[in-house]
Every structure is written in C-alpha cells, then in structure tokens.
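Chemist: Any chance you could fold what I've pasted below:
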Amino acid sequence: MEKTADIVEAVKRAGITGAGGAGFPTHVKLQAQAEYLLANGAECEPLTHVDKQLMLHHAAEVVEGMRLGMQATGAKQGIFGIKGKYKEVIASIQSAIKPGDNITVSELGNFYPAGDEQVMVYDILGRIVPEGGLPINVGCVVQNIETLYNISAAAQGKPFTHKYLTVIGAVAKPMSVRVPIGITIQEVLDLAGGVLTPDPVILDGGAMMGAVVTDFSQPITKRSKMLLVLPYDHQLSVKRRTPRVVIDNHAIAACDQCYFCTDYCPRHAQGHAIEPHKLILLLASGVPLTDAQMAGAMLCCECRTCNYACPVHLAPGDIALNIKRDLVKAGMKNPYHRQTEASPYRDYRRVPMTRLISRLGLVKYDVPAPLTAVSQTFTRVTLKLSQHIGAPAQPVVKVGDKVSLGDMIGKIPAGALGVPLHASIDGVVREVTNEAIVIEAN
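Modeler: Numbering: from 1, shown residues only. The predicted model follows:
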C-alpha cells in the first residue's frame, strides 16, 4: 500500500477509532499533515497492561502501523513514548524497527498522567499544545498502540471487529484478552475466572478516568480498554458512586483553598487557565455554573490528578468535570486559546505511579495481566451504533439477514463524522434498533 489516500481509505473502511477515550475516528486524524507521529505507549491508567502486551507480542504489527501512519500524515519522524522501566517492551519495539524507518523510542517517567497526549507532546518534543487545542496545532499526531495495530490490520483488509482489554482487580485470573466487540462485560469477567467479591463494581476505563458500571450485561465497545473490578465498599467505588450534590457540598464546606489541586493539575502546569481550587470557590460563592468565570473548566482533561492531590480527600476533579459537562450542554464555547508556557515547577508536580496506586488502595491488585488466548466461541453480540465520538452508524442490515465476521452492518451517515460498523461474529441479525444491532450465531 503506497498512496496516502489508499491508507486513509483502508482505515476508514475498517471502522477504526481510537482504542480508548473518546474513540475519535482514526481516518480523520490520518488526513492531517504532521511533522511527528507519536505512539502513546505510556499505559497511563494504573494497572493497565494492554499496550505493553501488544508491544511485546505484536511489535511487528504495531511498528508497521507506525510506518503507515507516518506515510499518511507525511510525518518525517515517528516516536514511541514508553515508560523507561519497561525495558523488555522497549527492546521488543526496537527489534521491530528497520534501518531507515526514522522511528525511535522516547523513555518516559513512571508517573501519572504520562499518557495524557498534551503532557506527552511536551515531554517528548518540548512543545505546548495551546489552550483548547490539539497536538496537530504543534505539528503532531498522537495514536494509541492498539490503534497502530489496527491500522496495520486495515492495510491487509481486516476491519475492526475485536478489542484488546485488561480485566483486573477482584477477579480470579487477571488477564489481557482479545474479544469480539459486542460481547457482554459478564462474559469477559467469566473469562477471567469470575469475580471474587459480592456486589462488585466495575470502573470501565480504569481507576482515574473510568466510568462506574454495575450492569454487567452491557456490551464491550471499540473504546473498552480496561475493566477494573472492585468490592462494593472499596474507597474508589464509594467515592465514584457519591452523588454530585454530596461532592459539591463537601467541597463547599471543607475546601480551605490550599491550591494543591491546581498545583498538581497537569494542564495548569503547562500554563492553561484551569484552576480547580477556584472552581470550588466560585461554587461556594453561588456563581451560576454557566457564568463565564467557570469557563476554565472547559480545559479540564478529566484525569482527576487533583483528586489525588487534595489533602482532605475532596473531589475537585469531579467538580471540574461536572461543570465542564454543564457548560457543553449549555452551548458555551471555550474562550481560552492562548499559546502558553510551562510552569518552572512542572516537573516537580509529578504523581509517582507507585504512590498513586497506594493512595487509591490498589496495591493488592497490582499484578501481571498477561495476554491470554481465548478459545471460547461467543454466540451473541450487541453492537452499539454509537461506538465513538461523532454520529452513530446507520444500519445497512435487517432482521433475518445472514452476516459473516467482518461484514459491514452499519455505514457512516452522509457528511457526518463517523466510522462504519462490522459484524464481530458469523450469524443472523436478530434485532435492529436505534441503539444497536444484535447478531446471534447460527
């Protein structure tokens, strides 16, 4: 595959999105012209293992995805950002790099959030993404490791039908697995030997940025990355299930404006106008959430580092995130677009990963989660039409249609930001709704 347009079209046909976070359509990212393509191999969330496992066991495919991404974006250099402590992973990637590739590895520190793309751009290149901006504003495109793996597969005509994810915590056999998109969370838990605690709570996405899940019949999506299983009474589970009104009232009553939350905010450390302590002050002052003074919350990267920093265990990160969502719903546009400079104290405000894991009460779950082959055959998948940021796919199948693994079952709406959807098992279409397509094996 030689032409840039061919690479972008293959990725688009394959339905590839970012492997976590918002799941931004990858073919759109690849249409940008960049100086650098950065591979995010930082494993940002505590206890995540997927990217390490892919780089260890599928280095050739991951590096090939980097080559194709560089060709599509015109990037002259590709850089893998990997934590320096993962020596075996670094060696695996380096062994897959060929002479003349112009691909290197940049070693990152073992801190949180090393995988925040704006933090990574600065740590590797010394460039600060402007407020409200994207890495492309400073000549970079950042891709996830699994996304690079999927780009390589797309070049061979293979659509995005299976997902790699880590399941860890209170399970019998922590592991990283590759499963069909659309199987249930419960089926993944069963692969890991089942849960070891009554009334478990899952943080889908991880300890810091994951969403609380209690309904295990929900399907795996293209954005699923990690299932952290916790006891119902674990401190993280309790905090993340606390109602917003309680979070706000605790902050109003107890915040002494010590500034620690703002001091440790990774975006504030790069000069951005996000100050969690001030948001709490405004909240206590009764300022309407849609007041212009609240707009700094639009710059929140949702990492919750500020929660870690608070000495009285408040949740400034959740407050900022809730305000941000309110502002978006109200139609407010981010007014901050400055090109900023990093604080001279930035590098002294790192959160060591070992300390974070201890603070979160996760030490007992800090164990390997090796990539484990799955021999089980799955007989039913529920494929959500909305798998990513942007417009949901439009069904192109009807009830009773027979489909094979990889067949397109949903198309991109005309003129919309989106990706197609593909069958993840062989079978028959049993349901088509506004939300999902259900396929059952023959």
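Chemist: buried sites along stretch 150-163?
Modeler: 150, 151, 152, 153, 154, 155, 158, 159, 160, 161, 162, 163 (16 or more other C-beta atoms under 10 Å). C-beta coordinates here come from the backbone N, C-alpha and C atoms, glycine included.
Chemist: can you give me the helices for the stretch 151-300 of the chain?
Modeler: 185-191, 235-240, 244-254, 260-264, 276-284 (DSSP state H, counting those that start in this stretch).
Chemist: got CSV for those helices, with mean pLDDT too?
Modeler: CSV is the format used below for the helices of the stretch 151-300 of the chain (pLDDT from 0 to 100):
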stretch, mean pLDDT
helix 185-191, 98
helix 235-240, 96
helix 244-254, 97
helix 260-264, 97
helix 276-284, 96
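Chemist: how about those helices, which one is nearest residue 221?
Modeler: Of all the helices of the stretch 151-300 of the chain, helix 185-191 sits nearest to residue 221, with 10.4 Å by C-beta to C-beta.
Chemist: In that closest one, which residues are buried?
Modeler: Those would be 185, 187, 188, 189, 190, 191, for helix 185-191 by 16+ other C-beta under 10 Å.
Chemist: gap between that helix and the chain center?
Modeler: Averaging C-alpha positions (C-alpha atoms, centre = their mean, to the nearest Å) puts helix 185-191 20 Å from its chain's average.
Chemist: same deal with stretch 187-197?
Modeler: On C-alpha atoms, centre = their mean, the centre of stretch 187-197 falls 22 Å from that of its chain.
Chemist: circling back to that earlier point, output the helices of the stretch 151-300 of the chain as TSV; include the columns distance to residue 338.
Modeler: Shown next, in TSV, are the helices of the stretch 151-300 of the chain (distance: least, C-beta to C-beta, whole Å):
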stretch	distance to residue 338
helix 185-191	42
helix 235-240	33
helix 244-254	27
helix 260-264	17
helix 276-284	17
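Chemist: Of those helices, which is nearest residue 371?
Modeler: Comparing the helices of the stretch 151-300 of the chain by C-beta to C-beta, helix 185-191 comes nearest, at 12.4 Å.
Chemist: what comes into contact with the closest one?
Modeler: Helix 185-191 is contacted from outside by 165, 167, 171, 175, 177, 179, 195, 202, 204, 213, 216-220, 227, 229, 372, 374, 376, 378, using C-beta atoms under 8 Å, 6 or more residues apart in numbering.
Chemist: among these, which are in strands?
Modeler: 165, 167, 175, 177, 179, 202, 204, 213, 227, 229 (DSSP state E).
Chemist: what's the spatially closest residue to the last one that is not a sequence neighbour in contact with, if anything?
Modeler: Counting by C-beta to C-beta, 6 or more residues apart in numbering, residue 169 is the residue found nearest to residue 229 once chain neighbours are left out, at 3.8 Å. With contacts defined as C-beta under 8 Å, 6+ apart, residue 169 is in contact with 47, 227, 228, 229, 230, 362, 365.
Chemist: Quick check: the gap between the last one and residue 172.
Modeler: This points to residue 365. 13 Å (C-beta to C-beta, to the nearest Å).
Chemist: And those two? Which one has more around it.
Modeler: Taking neighbours as other C-beta atoms under 10 Å, residue 365 and residue 172 compare with residue 365 leading, 21 against 12.
Chemist: Which pLDDT value goes with the closest residue to the more buried one other than its chain neighbours?
Modeler: Closest residue to residue 365 apart from its sequence neighbours, by C-beta to C-beta, 6+ apart: residue 169 at 4.9 Å. For residue 169, the model assigns a pLDDT of 98.
Chemist: Break the chain down into its domains, please.
Modeler: With domains defined by automatic domain parsing, the chain comprises 4-154, 161-234+361-375, 244-352, 377-442.
Chemist: just to revisit the earlier point, just send the buried residues of stretch 150-163 back as TSV, with distance to residue 54 and pLDDT too.
Modeler: Shown next, in TSV, are those (distance: C-beta to C-beta, whole Å; pLDDT from 0 to 100):
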residue	distance to residue 54	pLDDT
150	10	98
151	13	98
152	11	98
153	12	98
154	15	98
155	17	97
158	15	98
159	18	98
160	14	98
161	16	98
162	12	98
163	12	98
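Chemist: among these, which two are most distant?
Modeler: 155 and 163 (19.1 Å).
Chemist: Is residue 413 inside a helix or a strand, and which specific one?
Modeler: Using DSSP states H and E, residue 413 is not contained in any helix or strand.
Chemist: Residue 172 and residue 367, how far apart?
Modeler: For residue 172 relative to residue 367 (C-beta to C-beta), the value is 12 Å.
Chemist: Helices of the stretch 1-150 of the chain, start to end?
Modeler: Secondary structure of the stretch 1-150 of the chain (DSSP H, counting those that start in this stretch): helices at 4-14, 26-29, 50-57, 59-73, 87-96, 117-125, 145-154.
Chemist: any idea which of the buried residues of helix 185-191 is closest to residue 251?
Modeler: Minimum distance to residue 251 across those is 31.6 Å, recorded for residue 185 (C-beta to C-beta).
Chemist: Look up how far residue 359 lies from that closest one.
Modeler: For residue 185, the distance to residue 359 - C-beta to C-beta - is 27 Å.
Chemist: go on, residue 109?
Modeler: Using C-beta to C-beta, we find residue 109 at a distance of 18 Å from residue 359.
Chemist: likewise residue 120?
Modeler: Counting by C-beta to C-beta - residue 120 and residue 359 are separated by 23 Å.
Chemist: So between these two, which is more surrounded?
Modeler: residue 120 (25 against 17).
Chemist: wait, doesn't that one sit right on residue 82?
Modeler: No - Residue 120 is not in contact with residue 82 according to C-beta atoms under 8 Å; the separation is 10.7 Å.
Chemist: Name the residues contacting each of these two.
Modeler: Joint contacts of residue 120 and residue 82 (C-beta under 8 Å, 6+ apart) are 42, 108.
Chemist: shouldn't residue 25 be in contact with residue 418?
Modeler: Yes - counting by C-beta under 8 Å, residue 25 touches residue 418, with 6.4 Å between them.
Chemist: Overlap in contacts, those two.
Modeler: Shared contacts of residue 25 and residue 418, counting by C-beta under 8 Å, 6+ apart, come down to 388, 390.
Chemist: Residue 311: neighbour count?
Modeler: Residues near residue 311, counting by other C-beta under 10 Å, number 9.
Chemist: give me every residue that touches the spatially closest residue to it that is not a sequence neighbour.
Modeler: Distance criterion C-beta to C-beta, 6+ apart; nearest residue to residue 311, sequence neighbours excluded, is residue 260 at 6.1 Å. Residues counted as contacts of residue 260 (C-beta under 8 Å, 6+ apart) are 277, 306, 309, 310, 311.
Chemist: Check the gap between the last one and residue 259 for me.
Modeler: The one in question is residue 311. 11 Å.
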